[in-house]
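Visitor: my questions are about this predicted structure, shown below with the sequence.
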Amino acid sequence: MTTIRAITPIDITGLRPLSPKTSMPELTAVDPRILYVDGAYQRSIAERGRRQILKIIENFCWTRFKPPVCAYGPYEGRQVLMVLDGQHTAIAAASNPHIHEIPIMVVEAPRTAEQAAAFVGQNTERVGVTSLQLFRAAIVAEDEDALTVEQVCRRAGVTVLSMPPSHAKYNARETVAISTLRGLIVRQTAVGARQIMEVLANAELAPITMHHIRAAEFLMTDKDHAQKFDPEDLSKAIFDLFLVAEDEAKILAHAHRMPYFKALAAVWFRKTKKRRSSISAAA
C-alpha cells in the first residue's frame, strides 16, 4: 500500500476564507549578516538558544534548512531586513564560515506592530510537530537512535504508536513515551532497556507510560531492590494491582513528598513476590 498522497482541498462549507491583504512572500537569497532582529518583540538569545545555534552550525544541512521569514523595516534612517521568525537559523548561518548566502522569505510588514503580529502568527498558527511524528520520520530516515528504540520495543513486545488513539483507548503493550524510551536506552543500553520493557509488556499495561518505565527501571536497577525479585513476578504484581497501584502511588507521593514514579515503584515492590534467598537474608 502506498503512503504517497496528493494535496487535496478540504471541505470549507460554512467558512469565510480571508483574501490576503498583502502580496505573496518573495523568496530571495541574502547574506545572513545583513539581517536584524527587533528586541521589542523578539527575545534575546539565552544559553539554551545558544546551544541550539551551536547544534545547527555543527549539523548544518540544506535539506533541514527552513528559510527565515523577514520584512523590511526602518533602522537608523534606512530600510533593513528584520527577522520575524528564524533568528536562531539566521545566527547559525551567519556564524558558519561555509555559508555566504541563505534563502529568506520576505513578507510585507513595514511597521513594528505588523512585524510583531507576524511573529505571533508564525509561532502560533501552525500545527506543531509532535515527538511521535519526529520519531516516525527518523525511522524512515534510518536514524540509528530511532531504529534502536524501535528494535528494543519490538523485541520486548511493545508497540510504539504513531499518534495517541482517539478517546485515549489504548491496547495492552502500547506506548507513546518516546522521550522516556530514548533516555532509558541511553542509561541502560539496548539490552537493559529491552528487559525492563518486557516486564511492562508482560504486565499487559494499556498504555505503558513514562511513569511505568521510570518505576520499572528504578526497581530493576536499584541495588536495594533488583536482587530481591524475579522479573516475571514483578510483571504479575503490576498486572494484579492494575489501576489500584496508581491510586495508592498518588497518595504515597503526596504524603511523603517523593517523585510519583518512586511511589509507584514502592507500591509495586510491596506486592511483588520476593525471592526466597532475600527473605532468608532479611530474617
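Guide: That came through, no problem. Residues are numbered from 1 along each chain as shown.

Visitor: from now on I want contacts and neighbour counts done on CA atoms only, so please keep to that.
Guide: Will do.

Visitor: what does the longest helix anywhere in the chain rub up against?
Guide: Assignment by DSSP state H gives helix 178-202 as the longest helix of the chain. With C-alpha atoms under 8 Å, 6 or more residues apart in numbering as the test, helix 178-202 has contacts from 131-132, 135, 145, 148-149, 152-153, 155-158, 160, 172-173, 208, 210, 212-214, 216-217, 220, 231-232, 234-236, 238.

Visitor: just those residues: which are in helices?
Guide: In this view, the contacts of helix 178-202 that belong to helices under DSSP H are 131-132, 135, 145, 148-149, 152-153, 155-156, 210, 212-214, 216-217, 220, 231-232, 234-236, 238.

Visitor: returning to that earlier point: and the contacts of helix 178-202, which are buried?
Guide: Among the contacts of helix 178-202, those buried by neighbour count (16 or more other C-alpha atoms under 10 Å) are 132, 135, 148-149, 152-153, 156-158, 160, 172-173, 208, 210, 212-214, 216-217, 220, 231-232, 234-236, 238.

Visitor: quick one: mean pLDDT over stretch 93-104.
Guide: Averaging pLDDT along stretch 93-104 yields 97.

Visitor: buried sites along that stretch?
Guide: Those would be Ala93, Ala94, Ser95, Ile102, Pro103, Ile104, for stretch 93-104 by 16+ other C-alpha under 10 Å.

Visitor: let me have the residues you listed in a markdown table, adding distance to Val80 and secondary structure as columns.
Guide: Converted to a markdown table, those look like this (distance: C-alpha to C-alpha, whole Å; DSSP: H, G, I helix; E, B strand; the rest coil):
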| residue | distance to Val80 | secondary structure |
| --- | --- | --- |
| Ala93 | 18 | helix |
| Ala94 | 16 | helix |
| Ser95 | 20 | helix |
| Ile102 | 16 | strand |
| Pro103 | 16 | strand |
| Ile104 | 13 | strand |
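
Visitor: could you dump these to a markdown table with distance to Lys55?
Guide: Formatted as a markdown table, the buried residues of stretch 93-104 follow (distance: C-alpha to C-alpha, whole Å):
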| residue | distance to Lys55 |
| --- | --- |
| Ala93 | 11 |
| Ala94 | 14 |
| Ser95 | 12 |
| Ile102 | 18 |
| Pro103 | 20 |
| Ile104 | 20 |
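
Visitor: run a quick neighbour tally on Lys228.
Guide: Using other C-alpha atoms under 10 Å, Lys228 has 19 neighbouring residues.

Visitor: for the remainder of this discussion, apply numbering that starts at 34.
Guide: Got it, first residue is 34 now, which makes that one Lys261.

Visitor: quick check: it vs Leu233, distance?
Guide: For Lys261, the distance to Leu233 equals 18 Å [C-alpha to C-alpha, to the nearest Å].

Visitor: try Ile271
Guide: For Ile271, the distance to Leu233 - C-alpha to C-alpha - is 8 Å.

Visitor: next: Ile241.
Guide: Computed as C-alpha to C-alpha, the Ile241 to Leu233 distance reads 7 Å.

Visitor: okay, and the common contacts of the two?
Guide: By the contact definition C-alpha under 8 Å, 6+ apart, Ile241 and Leu233 are jointly contacted by Arg206.

Visitor: can I see the domain layout of this structure?
Guide: The chain is divided into the following domains under automatic domain parsing: 59-157, 164-315.

Visitor: pick the most buried one from the ones you listed.
Guide: Mean neighbours per residue, mean count of other C-alpha atoms under 10 Å, is largest over these for domain 164-315, with a mean of 17.

Visitor: quick one: the domains of the chain as a markdown table, columns for distance to Leu51 too.
Guide: A markdown table is the format used below for the domains of the chain (distance: least, C-alpha to C-alpha, whole Å):
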| stretch | distance to Leu51 |
| --- | --- |
| domain 59-157 | 15 |
| domain 164-315 | 30 |
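
Visitor: contacts only, for Ile40.
Guide: Residues in contact with Ile40 (C-alpha under 8 Å, 6+ apart): none are found.

Visitor: would you point out the most distant pair within the buried residues of stretch 126-137?
Guide: Greatest spatial distance in those: Ser128 and Ile137, 16.5 Å, computed using C-alpha to C-alpha.

Visitor: now do stretch 168-183: distance to the chain's middle.
Guide: 14 Å (C-alpha atoms, centre = their mean, to the nearest Å).

Visitor: ok, stretch 178-192 next?
Guide: With C-alpha atoms, centre = their mean as the basis, stretch 178-192 stands 17 Å off its chain's centre.
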